[in-house]
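K.L.:
Give me a model of this one.
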Amino acid sequence: MKPNFFCRLLCGALLLAALAPSAACAQPGAAEVTAFENVSVIPMDSERTLRGQTVLVRGDRIVAVGPAASVPVPQGARRIDARGKFLVPGLAEMHGHVPPPNAPAQYTEDVLFLYVANGITTVRGMLGAPGQLELRTRTNRGELLGPTLYLAGPSFNGNSVSTPEQAVQMVREQRAAGWDLLKIHPGLTRPEYDAMARTAAQEGIRFGGHVPAEVGLMHAIAMGQETFDHVDGYVEYAGGAEGPINAAKLDSAVRATREAGAWVVPTMALWEVLYNTLPLDSLLAYPELRYTSAQSVRSWTNAYNQRRGAPDYNATTARRSIEARQQVLAALHRGGAGILMGTDAPQQFSVPGFSLHREFPRMRAAGMTPYDILVTGTRNVGEYFQRQDAFGTIAVGRRADLLLVDADPLADVANLQRIAGVMVRGRWLPREEIQAGLRAIEARNPR
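P.N.:
Got it, this is the predicted structure:
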């Protein structure tokens, strides 16, 4: 199998289908107050649960957290009886995608809604398009209902960059335009990559994504790449694609990652789809496919069958690669490297928001506890974005991104699906509103 086979699959797979509905959105007024009363709070500053709490939100900020008897609720506040429920910080999709400006407006609203409906209140969009920054502005202001967006610009790859000088120019243009980070795809030469990395450091803009083959994992770490998405580069460095993982090399990569303060965004479940190691029938049985178009499902099915029939597809190599990826994730976790929650949604058989719950079993299989998994989508994300805003834990002053669930997610991470309501930047969506939006999506996408 040619080493770039699955890279071609991923880079060609990246878009999407028509979902649907819109939800009316109003930015909470500065004086609007919400009180979550008698709730069990999982603040995510450590592995603990605070029971019988009141959490007070004013506008888009948490303004009080404490025992219910000691936190007065202002007259006229919205009061949410959360007895028996659990409040956690909103989750994040750290390798997500949002539609480009030329996509239908309804489709864009639907993608944003699906994220929020699943408790995702922060999305790091990893493939920018010209004009997309306006969508970030409108969403983050609350003009559209959606998670807070942080967007990478158009990607640096073998087609968009042909010289080191061009790489330098692209960095400066994207920094001036206001993108949050640079996205790296395969195809860059080492001189082009190094020119990009040095200029990014000078300009004060971060970069992440793939590891170009000519660059290699360890050099990318040394040059300051902040995120390694899809655990890109680790299997190649440790030899797992062609045979058993070299444990010593893997340990050195984990140590270098940790010492550099770099992060890994695993996207494990998607790779099982793209490597065809999951039966097609099981993918077609995903209940969340009701929220995407029949045309998309047909397209994904065709792509699956084309991969299966490709001359360079080898099922044994594919399974070995997936097993090696699991070894890498387990080693990263054991070694204390930073991990960020992400799934690469929307993607093939990967519906925004719902895709997180496909990811969790792979994280559990890598030795991560429910708390460890929650950290990757809350506190770690807040640490990654600490220069932009304060969020990711439940504490005074943090952005009011909150997820209320019916059962304890520290007992079972699957309880994150039992959503009673979501708050995004202070805007409260109760269960009934979420379910109504999902029903509208389903109705507009008949099988």
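K.L.:
what sits against residue 378?
P.N.:
By Cβ atoms under 8 Å, 6 or more residues apart in numbering, the contact list for residue 378 reads 44, 88-92, 392-393. To be clear about C-beta, it is placed using only N, CA and C from the backbone, and glycine gets the same treatment.
K.L.:
Residue 402 and residue 408, how far apart?
P.N.:
Going from residue 402 to residue 408 by Cβ to Cβ, to the nearest Å gives 16 Å.
K.L.:
Could you do residue 312 as well?
P.N.:
Following Cβ to Cβ, the distance that separates residue 312 from residue 408 is 47 Å.
K.L.:
So if I had to pick from these two, which one is more boxed in?
P.N.:
residue 408 (16 against 12; other Cβ atoms under 10 Å).
K.L.:
in this protein, what secondary structure element scores lowest on mean pLDDT?
P.N.:
Lowest by mean pLDDT, DSSP states H and E among the helices and strands of the chain is helix 5-13, with a mean of 43.
K.L.:
Could you identify the helix or strand that succeeds that one?
P.N.:
strand 33-41 (DSSP states H and E).
K.L.:
Just give me the neighbour total for the residue lying closest to residue 52 once chain neighbours are set aside.
P.N.:
Excluding its sequence neighbours, the residue lying closest to residue 52 (Cβ to Cβ, 6 or more residues apart in numbering) is residue 68, at 5.4 Å. Counted with other Cβ under 10 Å, the neighbours of residue 68 add up to 18.
K.L.:
Kindly report the same for residue 41.
P.N.:
Per other Cβ under 10 Å, the neighbour tally for residue 41 reads 24.
K.L.:
Report the contact partners of it.
P.N.:
49-51, 53, 55, 65, 86-87, 394.
K.L.:
Return the members of those residues classed as buried.
P.N.:
50, 53, 55, 65, 86-87, 394 (16 or more other Cβ atoms under 10 Å).
K.L.:
where exactly do the strands run in the stretch 251-400 of the chain?
P.N.:
Counting by DSSP state E, counting those that start in this stretch, the stretch 251-400 of the chain has strands at residues 263-265, 338-339.
K.L.:
Include mean neighbour count and distance to residue 115 when you put those into JSON lines, please.
P.N.:
Formatted as JSON lines, the strands of the stretch 251-400 of the chain follow (neighbours: other Cβ atoms under 10 Å; distance: least, Cβ to Cβ, whole Å):
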{"stretch": "strand 263-265", "mean neighbour count": "25", "distance to residue 115": "16"}
{"stretch": "strand 338-339", "mean neighbour count": "22", "distance to residue 115": "20"}
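K.L.:
related to what we said a few turns ago, and the residue nearest to residue 52, how far is that from residue 35?
P.N.:
Distance, residue 68 to residue 35, using Cβ to Cβ: 9 Å.
K.L.:
Determine the residues that are contacts of both of these two.
P.N.:
Common contacts of residue 68 and residue 35 (Cβ under 8 Å, 6+ apart): residue 54.
K.L.:
Check for me that residue 63 belongs to a strand.
P.N.:
Yes. Secondary structure of residue 63 (DSSP: H, G, I helix; E, B strand; the rest coil): part of a strand.
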